[in-house]
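*Asks:* Output the structure for:
(2 chains)
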Amino acid sequence: MAGSTPASPTAEVPLAAAAPLIAAAAAPRKTLGGEAWRRFRRHRLAVASALVLALMTFAVLFGSLIWPVPINAIDFAAHLQGPSLAHPLGTDDLGQDLLARMLYGGRISLAVGFASMVIAVLVGTLVGAVAGSSRSATDTGLVWLIDLFLSLPQLPLLLLLIYLFRASLRKLAGLEIGTFILIVVVIGGFRWMSVARLVRAEFLSLREKEFVEAARALGAPQWRLVMHHILPNAFGPVIVAATIEVANAIIAESTLSFLGLGFPPDVPSWGRILYDAQDYLDIAPHWALFAGGAIFLTVMAINYVGDGLRDALDPRRVL
Amino acid sequence: MDATQLRAMIGKVKAGRLSRRAFVQRMAGLGLTAPFVNLMLAQEGFAAPASFDYKPTKAGGGGTLRTLWWEGPTLLNPHFAVGTKDQDGSRIFYEPLAGWDPDGNLVPVLAAEVPDAKKGTVSADGKAVTWKLKRGVKWHDGQPFTADDCVFNWQYASDPATAATSIGTYKDIKVEKVDDYTIKVEFPKPTPFWATAFVGAQFGQIIPKHLFEKYKGGNSREAPANLAPVGTGPYMFVDFKPGDLVRGKRNPNYHMPNRPYFDLIEMKGGGEAVSAARAVLQTGEYDFAWNLQVEDEILKRLEQGGHGQILITPTGNIEHIEINQTDPWQTVDGQRSSIKTTHPFLTDPAVKEALNLLVDRASVQQFIYGRTGVATANFVNNPERFRSRDTHYEFNIQKAIAILDRGGWKPGSDGIREKNGVKLKLVFQTSVNGPRQKNQEIVKEACQKAGIAMELKAILASVFFSSDVGNPDTYRKFYSDLQMFTTVMGQPDPQEFMRQFLSNEVAQKENKWQGRNVTRWRNPEYDALFAAAENELDAVKRATLFIKMNDMVVNDVVVIPEIYRPGVSGVANGLNVWISGWDSNFWALQDWYRNA
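*Replies:* Below you'll find the model as predicted:
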């Protein structure tokens, strides 16, 4: 069925026809990257979000140099204070400076989010690509595997894995790095299935397209077909799925902290700060608002950037 | 409050405008203990405390009583109970011969009367006690309750193969049936505090012989009645989901007249203390919440919700930090924290002394516990006569640093102190609970300043306090360097309480970690003091011995006592409860009622 689908009327035909025009109008923007960048810039929200994200990344990486307040200095005299000059984001109930804690915690939350996303996307793409490009029993087997993972009860399994491997990983890689690796692997390892399904579906439809057939007719080997012709075209939905994964991972990390299985309780990841602040919502709203706001802003920014990227990288889209 | 106001209040009590109980509670709020307040009232010419004023004139008709225990019970056999949650859960269905009232007096439950030396039921040499049982009491399945049941409980609990947590109370005594309604408890040695076996919720609840007979010994855990109790209590078993929900219905044949008032009882487990407090004080979804270990600041705010109030009851409960004497990071014979190991540095006097100086108890009280805790240097705080006056606590980082320096612990390149290649790195565990995590952070910050690295670990309360032998994260296994929790003093006498430092009570694989000595501290001198106190009939000398034991564990820094905690429960407006700090919260469950 996929083979009988005519080449997309909106993509190939006008693009091919318009190519000389574009080339004539804007001669310097001919490279694929340049073209994508041009398309991305037209998505104003995506550009703004990318800026916000860059700013946040910069802040959590270098913020502690500009704001060198220790994250765990307890000062009861200043407990539960609102924002002030001494504490721009206020303090928590032990009088610890929230700005310093947010900066430190952001490092963990963002790192967990992105690293888990990378794992989910890598595994998902690999499984999806192999399944989508093979026509044998491999495909059926991998689809079963995906279904199997989807039907596993995740939380109990997470608990089990963490109980089994926490101690040994900590010994191997140290407390924080060990916990980080475990959490990232565990979260990423249970989130790749949706990516794999998307990639497989894209592959099934793309591999029957004319341009792929043309490449095959020209004698391109299987890996070249996959890497150069099918995969780049399948990446749009994957990017959107990836941005959602980042948000999911940040939230999953806070769930684990909540259950006492993530980082130690005094490591102020954003999820942890939010959890601590919930009981004080009515007397010290700033505490929860800043942490919640940071998660909200990050997740939204990533979603918009993903949106922009998909538009920019989708060769079939006209912008 | 000054003397004039106090006099005025006592005047109100005299005039009957303020109940004696309310007065004692108000004084407890000021940090005065029940015995002290009673003394105060006695000086003003008051007799023994009045009992609870039970108003309903018939049993039943009260609807459902919804109670909230944020750690739900995991089993309902009192002989396997670990922690108050299991004891309280069992206490709905099972009863002891006698319980402890808030002032530390014995009140008969299944007994006809409390043994008394004047009546000759307590022997002069302190070696035998005769209990007369109440007649006409029936188990929920209709079988009569007799002396045989009491004798069986002794046989059951004292059999090491049963692996009962109450074995310490029963193993050295002898219980004899005199007639169907009389038993004689014999002690091998003179025993001044004889009210242990068959008394109170902790070790006194009695299970039926006819259902447990076949399950005495190695197969004790297989008894169906472990999860479906048949007792003599005010409520009969309906349904039980471990860790989640216990339900009971009114026992129509209950042995006390006009009781109980409620038709159904629900004991819901799970969640955490703040949401429990909120459910009773602010939203009114539940009638009673147990053990509200919540920052006072939050409690005050929730009380403004107008659905209920907190109730503060004097107890001997102590929030403390335990110091592992064995090595939790080395596996010997399939167990960590084995007594064949010693801790690499926590047995070093310099380190222990420094740690003791690094716990800022005053701040923990002021900023976390407020009305609900009192900073203390002692492990035994109540009753008053057992409290040591020779101990004191101090928070002094500089002094701790000086002690560590003198002890040869020098800062390494990473700022962490070390000696002979051993680094001062600790893992400090406790249950997931707001105040405890803050408390952990306060300790960690001070330790960091002194060059001691600390990893904090918070474990779900239902796991940490679980009786599950397979779980490595329980407090009884103590697979970490330090841990913090509250030990409950079940009786107004420190004897059972201080058993937890005895060498023969060490928790280990061989006893399925049911021993009560969790720090694994072993000291023959302490054992000897304890043995002496067990048999000392002179009350003053006995108190002195316990004070000496308290001073030993405090000065040797086996534990770092932090906060002595009165009981804090949330009670819905209109619900009348009778809570004792010396017994289970449900010790007088049959008397609970709601204002019409």
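*Asks:* need the helices for the stretch 1-150 of chain A, in chain order.
*Replies:* Counting by DSSP state H, counting those that start in this stretch, one finds helices in the stretch 1-150 of chain A at the ranges A:12-25, A:32-42, A:44-66, A:98-133, A:137-151.
*Asks:* and the fourth one, does that touch chain B?
*Replies:* No - Helix A:98-133 lies out of reach of chain B by C-beta under 8 Å from any C-beta of the partner chain, never closer than 11.4 Å. C-beta here means a position set from N, CA and C on the backbone, and glycine is covered the same way.
*Asks:* helices or strands next to that helix in the packing?
*Replies:* Helices and strands touching helix A:98-133, as assessed by 3 or more C-beta pairs under 8 Å, 6 or more residues apart in numbering or on different chains; DSSP states H and E, comprise helix A:44-66, helix A:137-151, helix A:175-189, helix A:193-206, helix A:231-258, helix A:270-277, helix A:285-313.
*Asks:* in stretch B:69-82, what's buried?
*Replies:* B:69-82 (16 or more other C-beta atoms under 10 Å in any protein chain shown).
*Asks:* I'd like the residues you listed laid out as JSON lines, including secondary structure, distance to chain A and pLDDT.
*Replies:* Listed next are the buried residues of stretch B:69-82 as JSON lines, based on DSSP: H, G, I helix; E, B strand; the rest coil; distance: C-beta to the nearest C-beta, whole Å; pLDDT from 0 to 100:
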{"residue": "B:Trp69", "secondary structure": "strand", "distance to chain A": "19", "pLDDT": "93"}
{"residue": "B:Trp70", "secondary structure": "coil", "distance to chain A": "14", "pLDDT": "89"}
{"residue": "B:Glu71", "secondary structure": "coil", "distance to chain A": "14", "pLDDT": "87"}
{"residue": "B:Gly72", "secondary structure": "coil", "distance to chain A": "16", "pLDDT": "90"}
{"residue": "B:Pro73", "secondary structure": "coil", "distance to chain A": "21", "pLDDT": "92"}
{"residue": "B:Thr74", "secondary structure": "coil", "distance to chain A": "17", "pLDDT": "90"}
{"residue": "B:Leu75", "secondary structure": "coil", "distance to chain A": "21", "pLDDT": "89"}
{"residue": "B:Leu76", "secondary structure": "coil", "distance to chain A": "25", "pLDDT": "93"}
{"residue": "B:Asn77", "secondary structure": "coil", "distance to chain A": "27", "pLDDT": "94"}
{"residue": "B:Pro78", "secondary structure": "helix", "distance to chain A": "29", "pLDDT": "94"}
{"residue": "B:His79", "secondary structure": "helix", "distance to chain A": "29", "pLDDT": "94"}
{"residue": "B:Phe80", "secondary structure": "helix", "distance to chain A": "24", "pLDDT": "92"}
{"residue": "B:Ala81", "secondary structure": "coil", "distance to chain A": "24", "pLDDT": "90"}
{"residue": "B:Val82", "secondary structure": "coil", "distance to chain A": "19", "pLDDT": "82"}
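*Asks:* Just give the closest residue to the most centrally placed residue in chain A, not the sequence neighbours.
*Replies:* Centroid-nearest residue in chain A, with C-alpha atoms, centre = their mean: A:Val246, separated by 3.1 Å. Spatial nearest neighbour of A:Val246, excluding adjacent residues (C-beta to C-beta, 6 or more residues apart in numbering or on different chains): A:Gly113 at 4.2 Å.
*Asks:* tell me the contacts of the one you found?
*Replies:* With C-beta atoms under 8 Å, 6 or more residues apart in numbering or on different chains as the criterion, the residues that contact A:Gly113 are A:246-247, A:249-250, A:253, A:298, A:302.
*Asks:* can you name the farthest residue from the center of chain A?
*Replies:* Chain A, farthest from centre, C-alpha atoms, centre = their mean: A:Ala77 at 40.2 Å.
*Asks:* touching chain A at all, stretch B:242-249?
*Replies:* No - residues of stretch B:242-249 are not located near chain A by C-beta under 8 Å from any C-beta, the shortest gap being 14.5 Å.
*Asks:* Now do the domain split for chain B, please.
*Replies:* B:64-262+B:573-594, B:315-491+B:557-565 (automatic domain parsing).
*Asks:* Determine how far the last one lies from the middle of the whole chain.
*Replies:* Read that as domain B:315-491+B:557-565. 19 Å (C-alpha atoms, centre = their mean, to the nearest Å).
*Asks:* what's the spacing between A:Ile177 and A:Phe263?
*Replies:* 11 Å (C-beta to C-beta, to the nearest Å).
*Asks:* Which one's more surrounded, those two?
*Replies:* A:Phe263 (22 against 12; other C-beta atoms under 10 Å in any protein chain shown).
*Asks:* and which of the contacts of A:Gly113 is nearest chain B?
*Replies:* The closest of the contacts of A:Gly113 to chain B turns out to be A:Glu253 (C-beta to the nearest C-beta; 15.3 Å).
*Asks:* Farthest from the middle of chain B: give me that residue.
*Replies:* In terms of distance from the mean C-alpha position of chain B, B:Ser413 ranks first, at 44.3 Å (C-alpha atoms, centre = their mean).
*Asks:* What separation do you get for that one and B:Lys423?
*Replies:* 11 Å.
*Asks:* cool, and A:Ala312?
*Replies:* Distance, A:Ala312 to B:Lys423, using C-beta to C-beta: 52 Å.
*Asks:* neighbour-wise, which of the two wins?
*Replies:* In this view A:Ala312 and B:Lys423 are compared by other C-beta under 10 Å, and A:Ala312 has more residues nearby, 22 against 17.
*Asks:* on that earlier part again, turn the contacts of A:Gly113 into JSON lines, including pLDDT and distance to B:Phe240.
*Replies:* Formatted as JSON lines, the contacts of A:Gly113 follow (pLDDT from 0 to 100; distance: C-beta to C-beta, whole Å):
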{"residue": "A:Val246", "pLDDT": "86", "distance to B:Phe240": "43"}
{"residue": "A:Ala247", "pLDDT": "77", "distance to B:Phe240": "40"}
{"residue": "A:Ala249", "pLDDT": "86", "distance to B:Phe240": "38"}
{"residue": "A:Ile250", "pLDDT": "82", "distance to B:Phe240": "38"}
{"residue": "A:Glu253", "pLDDT": "82", "distance to B:Phe240": "35"}
{"residue": "A:Thr298", "pLDDT": "89", "distance to B:Phe240": "45"}
{"residue": "A:Ile302", "pLDDT": "87", "distance to B:Phe240": "46"}
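*Asks:* Could I get these in TSV, plus columns for distance to B:Lys118?
*Replies:* Below are the contacts of A:Gly113 laid out as TSV (distance: C-beta to C-beta, whole Å):
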residue	distance to B:Lys118
A:Val246	77
A:Ala247	75
A:Ala249	72
A:Ile250	71
A:Glu253	67
A:Thr298	75
A:Ile302	80
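*Asks:* Can you tell me which of these is closest to A:Ala46?
*Replies:* A:Ile302 (10.4 Å; C-beta to C-beta).
*Asks:* who are the neighbours in contact with that closest one?
*Replies:* A:49, A:53, A:113, A:243, A:246-247.
*Asks:* Report whether B:Val571 is found in a strand, as I expect.
*Replies:* Yes - the assignment for B:Val571 is a strand, going by DSSP: H, G, I helix; E, B strand; the rest coil.
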